[in-house]
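**Student:** Just need the structure, nothing else, for what follows:
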Amino acid sequence: MSVQSWFNEIWYERATAPGWLLPLSAAYGAVSALRRYAYAKRWRRPARLSRPLIVVGNLSVGGTGKTPLVCWLVSRLLERGLRPGVVTRGYGGSSRVARLVEATDDPNVVGDESILLARRTNVPVAIGRDRPAAAQLLIDLGCDLIVSDDGLQHYAMARDGEIVVIDGDRRFGNGRLFPAGPLREAPARLSSVDAIVVNGGNPARRGNAPLDAALGMQLTATSAIALSGGTSRALSEFAGQSVHALAAIGNPQRFFAMLRARGIEVAAHPLPDHAPLNVEDISFADDRPVLMTEKDAVKCAKIAGPQHWYVPISATFDDSESAALLGIVAKIIRRRAKEA
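**Tutor:** Below you'll find the predicted structure:
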């Protein structure tokens with residue numbers, strides 16, 4: 001069993017956490033609370049950008065659907081005549097300095113998610129451990145609004161609005177702070193954010209605090225694209241077939257479940273989030289198709305064969321909830337304009 005699988009059993013499957021994890025969680029919570037308090041009291045001064053900053057983040061470790069939501073939001077902002085840019089840390093890449101990202105960059109340098117964002121959004125993307133410096137690069141290019149993919153707990157960067165994404169199936173896991181649980185912050189943190197978005201799961205469960213005002217989002221996939229040549233096939237064409245499915249993301253089971261729900265027989269190959277991939281990781285003894293996430297495809301372009309396909313995922317909302325979320329974003333922008 002991998003380390004990630006061991007943690008997932010504790011966090012989400014109600015396995016008993018070893019006692020030695022509990023004091024580590026208490027220490028983690030104390031340090032996190034003290035750090036946030038220091039910024040709230042201005043003992044440490046967060047960097048204030050000259051343009052509005054909206055953070056799309058989460059409370060838990062691992063994937064909840066932040067990146068598809070960022071892509072959706074950027075697209076809506078472009079439709080409204082704005083010039084957004086995206087800032088992210090560049091997790092998994094070796095770069096230590098703030099820099100702009102090109103769609104053709106090496107994922108080993110800039111990280112896989114930043115390249116995915118550059119390709120899907122077609123807006124400027126910047127990475128850096130010093131996220132205020134990275135965001136400034138976007139402002140220098142003429143971006144009039146910055147969207148941060150992750151960074152809810154990065155209090156060194158002052159934000160004008162916060163959108164938190166919750167996994168509708170996993171929710172808060174066992175409710176404990178990391179490492180005894182999956183939480184970076186307690187659910188009470190949700191009381192101070194501008195919007196809560198629940199990704200999938202049972203909508204009826206949203207009526208329980210603290211998710212009583214949450215908006216519902218779904219992740220959809222309709223096609224598979226060949227890594228070699230870019231041919232597109234309807235995902236429905238794989239129904240009834242047996243495939244290998246590869247996912248090095250925060251919640252790989254969500255990807256596998258999505259494929260199975262479309263009638264595809266899945267031989268699942270979960271890997272740790274952001275895991276580097278080589279030929280051995282994506283090659284199997286038979287000639288079945290290999291379906292992977294778009295984030296994984298970024299790392300496999302040079303080693304893929306004709307059997308390798310990736311499945312783009314998009315965030316969707318119903319009309320009323322889309323309008324509600326965009327209304328919240330517009331309010332954030334107007335609030336910042338009044339401060340100028």
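
**Student:** how many other residues sit next to residue 192?
**Tutor:** By other Cβ atoms under 10 Å, 8 other residues sit near residue 192. Backbone N, C-alpha and C define where each C-beta goes, glycine included.

**Student:** what residues are up against it?
**Tutor:** By Cβ atoms under 8 Å, 6 or more residues apart in numbering, the contact set of residue 192 is residue 162.

**Student:** Assign residue 166 to helix, strand or coil.
**Tutor:** Counting by DSSP: H, G, I helix; E, B strand; the rest coil, the backbone at residue 166 sits in strand.

**Student:** and the nearest residue to it once chain neighbours are set aside, which of the three is it?
**Tutor:** With Cβ to Cβ, 6 or more residues apart in numbering as the measure, residue 198 is the residue that lies nearest to residue 166, at 5.0 Å, once sequence neighbours are left out. Classification of residue 198 by three-state DSSP places it in strand.

**Student:** Beta-bridge partners for residue 198, please?
**Tutor:** Counting by DSSP bridges, residue 198 is bridged to residue 166, residue 216.

**Student:** how close does it get to residue 173?
**Tutor:** In this view, residue 198 and residue 173 are 15 Å apart by Cβ to Cβ, to the nearest Å.

**Student:** Next: residue 73.
**Tutor:** Counting by Cβ to Cβ, the gap from residue 73 to residue 173 is 26 Å.

**Student:** Tell me the spacing between the most centrally placed residue in the chain and residue 199.
**Tutor:** When Cα atoms, centre = their mean is applied to the chain, the residue found nearest the centroid is residue 66 (3.2 Å). Residue 66 is 9 Å from residue 199, where distance means Cβ to Cβ.

**Student:** more crowded one of residue 198 and residue 173?
**Tutor:** residue 198 (24 against 21).

**Student:** so what's the more buried one up against?
**Tutor:** With Cβ under 8 Å, 6+ apart, residue 198 has these contacts: 165, 166, 168, 206, 211, 214, 215, 216, 217.

**Student:** Reformat those as a markdown table; add distance to residue 243.
**Tutor:** As requested, those are exported to a markdown table (distance: Cβ to Cβ, whole Å):
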| residue | distance to residue 243 |
| --- | --- |
| 165 | 28 |
| 166 | 30 |
| 168 | 25 |
| 206 | 33 |
| 211 | 34 |
| 214 | 33 |
| 215 | 33 |
| 216 | 29 |
| 217 | 26 |
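
**Student:** ok, and the most crowded of those residues?
**Tutor:** Neighbour counts for these peak at residue 165, which has 28 neighbours (criterion: other Cβ under 10 Å).

**Student:** before we move on, back to that, which one in the contacts of residue 198 is the model shakiest on?
**Tutor:** The member of the contacts of residue 198 with the lowest pLDDT is residue 206, at 57.

**Student:** returning to what we had before: please name the residues that touch the residue nearest to the centre of the chain.
**Tutor:** 56, 57, 58, 149, 150, 165.

**Student:** Residue 23: which of the residues you listed is nearest?
**Tutor:** Nearest to residue 23 among these: residue 58, at 24.6 Å, using Cβ to Cβ.

**Student:** Spatially, what comes nearest to that closest one if we skip its sequence neighbours?
**Tutor:** residue 64 (4.4 Å).

**Student:** ok, so what distance separates the one you found from residue 106?
**Tutor:** Per Cβ to Cβ, residue 64 is found 27 Å from residue 106.

**Student:** Could you do residue 280 as well?
**Tutor:** Counting by Cβ to Cβ, the gap from residue 280 to residue 106 is 20 Å.

**Student:** In terms of packing, which of the two has more residues around it?
**Tutor:** In this view residue 280 and residue 106 are compared by other Cβ under 10 Å, and residue 106 has more residues nearby, 15 against 8.
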